[in-house]
Structures are given as C-alpha cells and as structure tokens.
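Undergrad: For reference, the sequence and a predicted model appear below.
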Protein chains: 2
Amino acid sequence: MSDRPLPTKDRLILSAATLFRTRGYHGVGLADLLTDAKAPKGSLYHHFPNGKSDLAMAAATWASDEMLRLIAASFDGADTFKDGATTLCFKLAKLFDITGWDTCPIAATLFEGPDNQDFRSHASHIYEGWIAEVHDHAARLGLAEDAAQAKSEHLFMLIQGGWTLARARRSSDVIRQMTDRL
Amino acid sequence: MSDRPLPTKDRLILSAATLFRTRGYHGVGLADLLTDAKAPKGSLYHHFPNGKSDLAMAAATWASDEMLRLIAASFDGADTFKDGATTLCFKLAKLFDITGWDTCPIAATLFEGPDNQDFRSHASHIYEGWIAEVHDHAARLGLAEDAAQAKSEHLFMLIQGGWTLARARRSSDVIRQMTDRL
DNA sequence: CCCACGCTGGACCAATCGGTCTAATCCTGT
DNA sequence: ACAGGATTAGACCGATTGGTCCAGCGTGGG
C-alpha cells in the first residue's frame, strides 16, 4: 500500500481502509496508520480535523465506492440478473484471495467504532447504496419491482454471510458456489 | 447483566460475551469488563491466567453454546427443514429486538482480536459446529446428504448477512422475511 | 523577490491500555 | 478450632492510546 506518488490525504485514506478492514477500528492505532501511510501526525489533523473518526468515515466512503464500481462492472455486460450476480461473486472471490481474510470494510470500520449516530447512519446509507445499485441493474434486466428488491437484498445477505464463512474457512470456495442459490 | 448469585467466573464470561458483542474485542477495556462484572482484577487473572484473550475464548464458547441450544430448540419440534429454519429465524429476530443491534458475537470477539492462530481456528470450529448442528437436523428430516450440507450452509450465510442488514436498518424485518428464500 | 499559506514534522500531553504482584480474606475439610 | 488452598482486593507498572500545538518547510501568486 501507500505508493509514493499519491498525495498525502489519499495515502491516509488508503491505509485507513486497508488497516481498518483487517484489524477493525479499535484495533488500529494512529501510530500504525501514520507509519503505513508514511505521513506525520500533523498532516492527519490538517486533512481530517476530527482525527481518527473523520478518517474512518472517509475510508468507508472510499471502500464503498470501490464496491459500487465492482457491482457496475459485473452487471454492465450481463444479459440476465443471474449472470451479473455470478460475475460479481467470482470477482469478489478473486478479491478475497488477493486481499486475504478481511471482514466487510464497512462493518469493521463503522459498526465497531464509537457507537456514534453519524457512524451508524453512514453505514446504513452505504449498504442501501449497494442494494440500490444491484436493484437498478435487476430492474433494467427485466425483473419486476418487488422481485428486484427481494433479489438484491438476497444477494447482499449471501455475500455478507458468505464472506464471513469464507474467512473462517480461509477459502473463497463458498463465495463461488453461492451463485447456485440465486 | 451480572446478577449477584452467579459465581465470579461466570459473571466475567457473561459480561465479556455481552460487551465484546456490542463493542468488539479491542473496543472493550479491562476496566469496563471488571466494572460490569463487579469483579476485581485479581479474580480475572486467577480464573483466566492469560487475561483478556483467555476470557474472549471462553466468552465465544459460551455464546456458541447458546446458539446451539437455539438451533436445537427450533428444529426439535419441526416436521420439515423449512419449518425448523423458519422457527430459528423468528427466534433470532426476537433475540435481535431484545439485545439491540449487536454483531455476531463470534466475529466481534474472535475475528477482530489479535490475529492469533488460536482465535481463528476457534472461530472456524464454532461456525462449523453451527452448520453441523443444522446439517444433522436437515438429514434427520429427510434431506439427502449433499442437500443437507448445501441447505445448512445457505442458512448460515443468510442469517449472518441478514443480521448485518438488520443491524444497519435497526429493524429485524429482514430476518423474518428471510424464510421465503429457503 | 518575497510573502503568505497549505502542509509537514515531531515534541509533548493526560488518559488509558493490558498486565503483574502481594497481602488480606474467604471457605472448606479435618 | 485450625490449617491451607482458593479467591479477592487493589496498588502499581511501563507502554501505548488519541489528541494538541507550534515551528518550520515548500511553493505559487503578486
């Protein structure tokens, strides 16, 4: 992580997203964060006046955007909902193999942090954003309104739970096999 | 929590299970733990020589046993797999409403802790225990071997993911509606 | 050319972290 | 009644936590 050419603010966000995902909000100290991002403490509080919590919000947003891109990339070339969902699962399985055995970045960053109202509503907003994105693709691919909503929620739950099981087993197989249950 | 008649060791385990579930392993300090359990520090290190990590293991085991009892209670009187699974979902939804908006106790306690080998394998062991318990009931209720395995894994993922979504929405509705997708 | 300002570097802080240790106390079997 | 292990009570410790503050750096506009 933290390639040099990236501006400091981006390096901080990237490091935060990575570290929070692997060790959780409280599991990462500012020292780890700053070492990984190769940034001094002054920069952190310059870019994120409220410190760790501000950074966590930004990291969660960044992670969410990456997920939205992944969803779009999976469904854009798909002919049916099932095709798109399958592609998404395979992309996620590959991501799982690369990144290791992390948790959902949103849950690790926002749910575990200080039980702040801001944190919780941001997490909720992000999750609904993912479901809405899948929902729109489902509708576009011919599913009725209520079916689209049900299917997109179903996929969300399967991915969320499948990822956890994959993590426990240290194997991405379940994520790939998941496509049969749609 | 922490009713007086309970012996100190049990009070510690109960407090740990509750607090870790809500704030995660690193989110809970020994001070919080001891205050909640009304126990002095000496007792903690007497009953759990390795301190916090030992306690976390015990708390996870305790939480897992409760879940196993819940599964058994749901499937024991059921005529079909779907009946049992539905009952389980409704019981979990009720539990969700009572306890608030916590995470899976195993994930919060073991996955987020120090990335210890013991923690990880214990988490894996616990999850496989849940799946095995459901699997056995599925087999008993007439499902073929491979179907029983697939169904029990499917249910695990739905519950795990559905719980997360319910937490974000602060509503147990998804957990109840989940039974349609089996 | 130089000033101003966005940004960096790091010393410093009080509070809290998990953990150790020992003396006092409780409880049980004899 | 007493011996002796099990348990409790809490003072104490060094390390680390998130956060504050300010002096200096680098660079782009007047």
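TA: Structure received.
Undergrad: residues in chain A within reach of chain B, list them.
TA: A:22-27, A:103-104, A:107-108, A:111-112, A:115, A:120, A:123-124, A:127-128, A:150, A:153-154, A:156-162, A:164-165, A:167-170, A:174, A:178, A:180-181 (C-beta under 8 Å from any C-beta of the partner chain). No exception for glycine: its C-beta is placed from N, CA and C like everyone else's.
Undergrad: Return the subset of these lying in helices.
TA: A:22-23, A:120, A:123-124, A:127-128, A:150, A:153-154, A:156-162, A:164-165, A:167-169, A:174 (DSSP state H).
Undergrad: and those, which are buried?
TA: Listed as buried from those are A:22-23, A:120, A:123-124, A:127, A:150, A:153-154, A:156-162, A:164-165, A:167-168, A:174; burial here means 16 or more other C-beta atoms under 10 Å in any protein chain shown.
Undergrad: ok, now how distant is the closest residue to DNA strand C within chain A from A:A56?
TA: Relative to DNA strand C, the nearest point of chain A is A:G42 (2.4 Å; C-beta to the nearest atom of the strand). Relative to A:A56, A:G42 is positioned 19 Å away (C-beta to C-beta, to the nearest Å).
Undergrad: got it, and A:P40?
TA: Going from A:P40 to A:A56 by C-beta to C-beta gives 19 Å.
Undergrad: Quickly find the element holding the spatially most distant residue from the centre of chain A.
TA: In chain A, A:G42 marks the outermost C-alpha relative to the chain mean, sitting 27.9 Å out by C-alpha atoms, centre = their mean. Using DSSP states H and E, A:G42 falls within helix A:41-47.
Undergrad: cool, A:A60 as well?
TA: Assigned by DSSP H and E, A:A60 falls in helix A:52-76.
Undergrad: elements contacting that helix?
TA: Packing contacts for helix A:52-76, counted by 3 or more C-beta pairs under 8 Å, 6 or more residues apart in numbering or on different chains; DSSP states H and E, involve helix A:8-23, helix A:30-37, helix A:81-99, helix A:105-106, helix A:117-140.
Undergrad: The last one to helix A:52-76, inter-axis angle?
TA: Orientation check (axes from the mean of the first three to the mean of the last three C-alpha atoms, to 10 degrees): helix A:117-140 against helix A:52-76 gives 10 degrees.
Undergrad: quick one: is helix A:117-140 near DNA strand D?
TA: No. Judged by C-beta under 7 Å from any atom of the strand, helix A:117-140 stays clear of DNA strand D, getting no closer than 13.0 Å.
Undergrad: Ramachandran angles for A:G24?
TA: phi 80, psi 160 (degrees, to the nearest 10).
Undergrad: count of neighbours near it?
TA: Counted with other C-beta atoms under 10 Å in any protein chain shown, the neighbours of A:G24 add up to 25.
Undergrad: Would you quantify the distance from it to DNA strand D?
TA: 11 Å (C-beta to the nearest atom of the strand, to the nearest Å).
Undergrad: need the contact list for the nearest residue to A:L141 once chain neighbours are set aside.
TA: Nearest residue to A:L141, sequence neighbours excluded (C-beta to C-beta, 6 or more residues apart in numbering or on different chains): A:F81, at 4.9 Å. By C-beta atoms under 8 Å, 6 or more residues apart in numbering or on different chains, the residues touching A:F81 are A:H137, A:A138, A:L141, A:G142, A:L143, A:K151, A:L182.
Undergrad: Model confidence for A:F81, exactly?
TA: Predicted confidence (pLDDT) for A:F81: 97.
Undergrad: Kindly report the same for the one 10 residues further on.
TA: Predicted confidence (pLDDT) for A:K91: 97.
Undergrad: isn't it right up against A:F75?
TA: No. Applying C-beta atoms under 8 Å, one finds A:K91 not in contact with A:F75, separated by 10.8 Å.
Undergrad: Neighbour count: these two, which is higher?
TA: A count of neighbours by other C-beta under 10 Å puts A:F75 above the other of A:K91 and A:F75, at 21 against 15.
Undergrad: Surely that one touches A:T86?
TA: No. The criterion here is C-beta under 8 Å, and A:F75 misses it with A:T86 at 10.5 Å.
Undergrad: Those residues of chain A touching DNA strand C, which are they?
TA: A:P7, A:T8, A:A39, A:P40, A:K41, A:G42, A:S43, A:Y45, A:H46, A:H47.
Undergrad: Please identify which two of the residues you listed are farthest apart in space.
TA: Using C-beta to C-beta, the two most remote members of the residues of chain A next to DNA strand C are A:P7 and A:K41, lying 17.1 Å apart.
Undergrad: Compare those two and say which is more crowded by neighbours.
TA: A:K41 (12 against 9).
Undergrad: tell me the pLDDT at the more buried one?
TA: pLDDT, read off for A:K41, is 96.
Undergrad: Next, count neighbours for the residue lying closest to it once chain neighbours are set aside.
TA: Excluding its sequence neighbours, the residue lying closest to A:K41 (C-beta to C-beta, 6+ apart) is A:L34, at 6.0 Å. A:L34 has 17 neighbours, counted by other C-beta under 10 Å.
Undergrad: A:L34 reaches A:P40, doesn't it?
TA: Yes. Here A:L34 reaches A:P40: they are 6.7 Å apart, a contact under C-beta under 8 Å.
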